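Peer 1: Predicted structure and sequence below. I'll ask about it afterward.
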Protein chains: 4
Amino acid sequence: MGGNSFGTLFTITTFGESHGPGCGVLVDGCPAGVSLKTEDIARELRRRRPGGGPQGLGAASGRAEADEPEILSGVFEGKTLGTPIAILVRNKDHRSGDYDELKDLYRPGHADWPWEAKYGIRDHRGGGRSSGRETVGRVAAGAAAKAFLAEEGILIRAWTSAAAGIQAPGPGDPGFDYAEAAGNPLGVPHRETAERILEKIENLRNQGDSAGGVITCMVTGLPPGLGDPVFGKLDARIAGAMVSIGAVKGVELGSGFTAAFGRGSDNNDEPAPPRAARSGLPPGVPALDFKTNHAGGVLGGISTGSPLEFRTAFKPVPSISKKQRTLDRQGTVRDLVIRGRHDVCIVPRAIPVVEAMTALVLADLVLLNRSARV
Amino acid sequence: MGGNSFGTLFTITTFGESHGPGCGVLVDGCPAGVSLKTEDIARELRRRRPGGGPQGLGAASGRAEADEPEILSGVFEGKTLGTPIAILVRNKDHRSGDYDELKDLYRPGHADWPWEAKYGIRDHRGGGRSSGRETVGRVAAGAAAKAFLAEEGILIRAWTSAAAGIQAPGPGDPGFDYAEAAGNPLGVPHRETAERILEKIENLRNQGDSAGGVITCMVTGLPPGLGDPVFGKLDARIAGAMVSIGAVKGVELGSGFTAAFGRGSDNNDEPAPPRAARSGLPPGVPALDFKTNHAGGVLGGISTGSPLEFRTAFKPVPSISKKQRTLDRQGTVRDLVIRGRHDVCIVPRAIPVVEAMTALVLADLVLLNRSARV
Amino acid sequence: MGGNSFGTLFTITTFGESHGPGCGVLVDGCPAGVSLKTEDIARELRRRRPGGGPQGLGAASGRAEADEPEILSGVFEGKTLGTPIAILVRNKDHRSGDYDELKDLYRPGHADWPWEAKYGIRDHRGGGRSSGRETVGRVAAGAAAKAFLAEEGILIRAWTSAAAGIQAPGPGDPGFDYAEAAGNPLGVPHRETAERILEKIENLRNQGDSAGGVITCMVTGLPPGLGDPVFGKLDARIAGAMVSIGAVKGVELGSGFTAAFGRGSDNNDEPAPPRAARSGLPPGVPALDFKTNHAGGVLGGISTGSPLEFRTAFKPVPSISKKQRTLDRQGTVRDLVIRGRHDVCIVPRAIPVVEAMTALVLADLVLLNRSARV
Amino acid sequence: MGGNSFGTLFTITTFGESHGPGCGVLVDGCPAGVSLKTEDIARELRRRRPGGGPQGLGAASGRAEADEPEILSGVFEGKTLGTPIAILVRNKDHRSGDYDELKDLYRPGHADWPWEAKYGIRDHRGGGRSSGRETVGRVAAGAAAKAFLAEEGILIRAWTSAAAGIQAPGPGDPGFDYAEAAGNPLGVPHRETAERILEKIENLRNQGDSAGGVITCMVTGLPPGLGDPVFGKLDARIAGAMVSIGAVKGVELGSGFTAAFGRGSDNNDEPAPPRAARSGLPPGVPALDFKTNHAGGVLGGISTGSPLEFRTAFKPVPSISKKQRTLDRQGTVRDLVIRGRHDVCIVPRAIPVVEAMTALVLADLVLLNRSARV
């Protein structure tokens, strides 16, 4: 399976360069009979657009693509056929000229040079395949995965838990409000924090600089038993999926790095009688719940039935308008001032990407689990 | 490909339960002509044994297995044949009786219950397949991968950078000494820190408690160009590989979570003229080096030629001798005191596992890279 | 990897229903730097069109699609980028109304009923995904594979060796002429035989009946050493690839079923000193040729350097205009007379499909072979 | 996935050289809860042993290995755990000395030379990995697959339908008797034919020559809906599986090559009301049967519910004691007289191999089918 494919049963392959004819995805393995409409995909794509939020604040790169998806195959009269679902999004708003001067330069923090070191050839326009635009295919596929998971009662919610150096309250903290995250353009679950982050982002923009951040993702409705030890573990797949997103430099599950500094007696989650009935367990296996969730919903690589929780770290956007130094194709040191439209902080736009990749991991594991027992 | 397999070209499948007849691995895709001896494998296995270090300090669980590997196939007169390499390590030092009372109990922090929720059946003896003993197969396969990588000039070194809540100096910090890490049983690159950690571990043991920690891994000699965007990225594969190791709760590359709180102008690594000649680049692509390495040796999922650097977080050992509460198979709340031999801190024994998984990722990517260009 | 994907390194996933928006393919793993133009793909697609040959004889179904491919990604300035190559062919000449009465009927010899038994849903228009139109994606991908193989000096040629019950001369027989096969619309390597087959096909058409046939494929320029024992053998992959083509009911390599009735002393091909120098062999391995080629160019699943030769059997077209009996969705026995445009004999149009699948197998094995040795 | 692996969910990887320490297989993906005993595996292995039949007639190579399998993992108290099942069969009866003179010779009809052309290295003893002994792993894995399929009511039966140039009666022909095939050492379903074949084999043995043959396989109890278009079709997988067996040169399904010469009106199988109730169909899909079975139980790559039927052609055994000519490692023409124990006709011993590969294909497809629909 090639480097652009993901999944074992619910599989996807994404395609497209930033300034080529289009971007998209081929989903193979979505079960037949899932309700899926073009609008389901369009809605998710709008969330990753520059200025996709209500007021178009902060995160906007200025590039305004309609991003209208076309379903080319695999859906008939609103239902999936069990055949490959090809989804195409045309690239429309090219300003390839902005990139002409970058043709023979290697931008710091970008894949320009490693890409050439690997392939010997590169589509320099807009970053080519290493552009953030590549996530269009992921998000489109994620919409199909979410449609399938919705029928299983599984719900995925991600938000900006830190950006531009400022941390937002988390679940359980005073002021945390997921509805707020869903409503503001920064995806921050706390109004005042969102405003502080926005102010910081504007300052950075004025300085020609950029910021990173952290996205937290929480999944509810997950049955216990998902995940295939020892290499197809739920958490291993989530980690691989997250770090496959451009700009991601780290991921942690449950108590994560904090757990590494604690004690077993504090970190173990105590099993307890179930708070509610649970169906679907094999004969002879009792239902149970855990009193805490330091594990983040996964033990031994298998879902516990507690919410799956993890955090993903994004580095600051490497395209900054401040003057930098780099090398050109002749190996000469050159000054570089990057023009064009660029995000100061990519984190809010990455929320639907995190959710999409999570949905793809889970859809795959739900299907794989159908073969776990006789 | 099943959940117990890893890799695309240099592939492995591990097998074995903790108290079954044996553990091992099947390596398929190791190129023909690699020098590989049983001793190469035995040496790596000794590093993951309880008390594998010089004085048998701290980390020891007491279970003393000889762990003598047998190569069943794929090697002829000291060279790999290009056929599957099967390696078997017999399980010898069973004390399955220690586990009898755990048969109908679900240990906190262990996979006991999720495992049954998934498969409906479980080998309870010694944790079965979810035991740390499963890593025997990984380490054996890693020895083959390392033998291949050695011929490519690639060197992998991991060490304990934090344990029991105590952080050790890192590369560049005063006192950091990799030779020390290779020499002491805790794998800590600083003698005084090792002694403090050991003292802390003994205190925890006396309290019936346990500890976690962090392993840092650094790879040198890596050519630029390794890694297959967009899902087979070098860092995505490393992250998936690390989190597939039992007890791992997080991974970060380069500046990791710290980068998420910084600025682009600080985080970008400046390209600069190469410090030494570099062969193997495609025609027309200049050699270059980076002045810093916040990226941890990877940009856009492709190796940059700088050292690959990442950190992996391990949770505290869940088997503690302190009294805990849990449920039994009838759903009744029960007291639990875990007997038997258990590590207080698994981190030092996980060092060869981290190295093995890293070697497997890299061996696979080196082979995959042979098909990147015409 | 899903059921619509093929290959390990040079991988493809095809998509599209007969009367949906379009058909196509996503190629992932084609090396960077291969020369590929839209016209290379269009040329192959023309060969599989109804009436694609010079006079549009016999095999024509009447459906006349332009089949203009669009390369959506993966090619930049005439060279492959090493990224996924998405190719789309719009479906234009729908006459879906022809299929309305088939919506609730199960056509004999077609996948209609098994398809519903599997998926519970079916796009009945034009056979949906089980239409011969699905091969558009295969042929488009095959054009990319051929472009890569051409750079390796590998040449694939297939022809109609039997059709409508009439056998044509083979290589070595008097009158065999590959140029003739390439020139006539039936792909038959002998003018008089082609005329006899054409006459027979016209008779069958008048009777409302149909015919099958056999395609022979020969590959020259193949280096020895291709094929991965024991399940990825060259011949095993060819067999799987051939039988994946709709209507195929058998495949044989070299002497095939005839060999099963002969003796070892007759069937063994005698090794002999090489007729020409051969490069690329490992050190210490002498060049050799075989005096005969009963093996069809493969021993132990590995290419021998002799031409690869195999034959593929196609059943008669199941869509016949003669009255048939079948069941409808209510389980009632019904008369059926199939209307619309249908081929009497699909074999000539399947020639580029056989070549495409062969090219895909070989491109994959050429890449895989780069990892066979240190 | 490497060349020694097979399957998507029910996956196997075989290992072992003919004269190495042992042969075996690793099964990953067998569902938890299947009843499996060592004796189930041993029984199948006895069927592929030289002289495995009642009187040890004809087919015997003389090498008499006990072939006692050991289950190393994945089974606990007689039930599969859902973890990898490793099965090892030690090689015991080596007479490697018999092969010393073959070390620098390339046997006609064997993989000796292509193997070296590929890998640059070869274990010459007993053919190494390209020996028929490699099928030990396949047969052992097949026993597990059969155990799983038995719980699904699927039954696989193969027999010798032709050997040494003599055809046996088939199902429907007078005298056909499957019980006879199961009872005689040649696996021929007709006593008199078996005796004629045996006589012919003895003649060939006296002449220092060898024979091939054909195995027919029939599967009953198969539900409709198995097989994943377009590349994972049931028949495509069967074809690939069969040709992966050493010495196989062809495969045909249902009417096979005969169909290629017939007419659509004869070849189409007429759907008819079901002879018995059928459960498991999706809502709204009527049960049906087919009046004939030219299709061999598969349409559009999906099982129809009729018996799956196919034939596999085996070439004559290449190891003959007649004098042959070949080349040595120096490229010199040499006379060759093969010593040692060799089968005159491998076909009877290949019956359990054909069944095993069929079981593996079907077990995989049964599992895959669990994800076909919501």
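Peer 2: Cool, the structure landed.

Peer 1: In the stretch 51-200 of chain A, what residue lies closest to chain B?
Peer 2: Closest residue of the stretch 51-200 of chain A to chain B, CB to the nearest CB: A:A111 (2.3 Å). Bear in mind the C-beta positions are built from the backbone N, C-alpha and C, glycine included.

Peer 1: Contact residues of the stretch 51-200 of chain A facing chain D?
Peer 2: Within the stretch 51-200 of chain A, the positions adjacent to chain D are A:G82, A:T83, A:F148, A:E151 by CB under 8 Å from any CB of the partner chain.

Peer 1: between these, which has the most around it?
Peer 2: When neighbours are counted by other CB atoms under 10 Å in any protein chain shown, A:T83 leads these with 33 neighbours.

Peer 1: Quick check: that one vs D:D173, distance?
Peer 2: Per CB to CB, to the nearest Å, A:T83 is found 41 Å from D:D173.

Peer 1: what do you get for A:S18?
Peer 2: Per CB to CB, A:S18 is found 66 Å from D:D173.

Peer 1: Among these two, which residue is more densely surrounded?
Peer 2: A:S18 (23 against 11).

Peer 1: so how far is D:T258 from that one?
Peer 2: 55 Å.

Peer 1: Backbone dihedrals for the closest residue to A:V188 other than its chain neighbours, please?
Peer 2: Nearest residue to A:V188, sequence neighbours excluded (CB to CB, 6 or more residues apart in numbering or on different chains): A:A194, at 3.9 Å. For A:A194, the backbone dihedrals (degrees, to the nearest 10) come out as phi -60, psi -40.

Peer 1: wait, what's in contact with A:A194?
Peer 2: A:A168, A:E180, A:N184, A:L186, A:V188 (CB atoms under 8 Å, 6 or more residues apart in numbering or on different chains).

Peer 1: Buried subset of those, written for PyMOL?
Peer 2: The buried residues among the contacts of A:A194 can be selected in PyMOL (16 or more other CB atoms under 10 Å in any protein chain shown) with this line:
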select buried, chain A and resi 168+180+184+186+188
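
Peer 1: Now for the residues of the stretch 51-200 of chain A next to chain D: which two are most distant?
Peer 2: A:T83 and A:E151 (18.4 Å; CB to CB).

Peer 1: now whatever residue of the stretch 201-350 of chain A ends up closest to chain B: how far from A:L226?
Peer 2: Nearest to chain B in the stretch 201-350 of chain A, going by CB to the nearest CB, is A:G300, at a distance of 2.4 Å. The gap separating A:G300 from A:L226 is 12 Å, by CB to CB.

Peer 1: my guess is A:K322 is in a strand, correct?
Peer 2: No. Secondary structure of A:K322 (DSSP: H, G, I helix; E, B strand; the rest coil): coil, not part of a strand.

Peer 1: Let's see the pLDDT reported for it.
Peer 2: In this model, A:K322 is scored at 96, pLDDT.

Peer 1: what's it sitting at in phi/psi?
Peer 2: phi -60, psi 150.

Peer 1: If we only consider the residues of the stretch 51-200 of chain A next to chain D, which is nearest to C:P286?
Peer 2: Nearest to C:P286 among those, counting by CB to CB, is A:T83 at 50.2 Å.

Peer 1: OK, contacts around the closest one?
Peer 2: Listed by CB under 8 Å, 6+ apart, the contact set of A:T83 reads A:S73, A:G74, C:N4, C:F15, C:E17, C:G128, C:R129, D:P229.

Peer 1: What residues sit buried inside the helix or strand harbouring A:V214?
Peer 2: Per DSSP states H and E: A:V214 is located in strand A:213-220. If you call a residue buried by 16+ other CB under 10 Å, then strand A:213-220 has these buried ones: A:G213, A:V214, A:I215, A:T216, A:C217, A:M218, A:V219.

Peer 1: Just put the residues you listed in a markdown table and tack on pLDDT and distance to chain D.
Peer 2: Formatted as a markdown table, these follow (pLDDT from 0 to 100; distance: CB to the nearest CB, whole Å):
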| residue | pLDDT | distance to chain D |
| --- | --- | --- |
| A:G213 | 98 | 36 |
| A:V214 | 98 | 34 |
| A:I215 | 98 | 29 |
| A:T216 | 98 | 30 |
| A:C217 | 98 | 25 |
| A:M218 | 98 | 25 |
| A:V219 | 98 | 20 |
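
Peer 1: Please consider this matter closed, and thank you.
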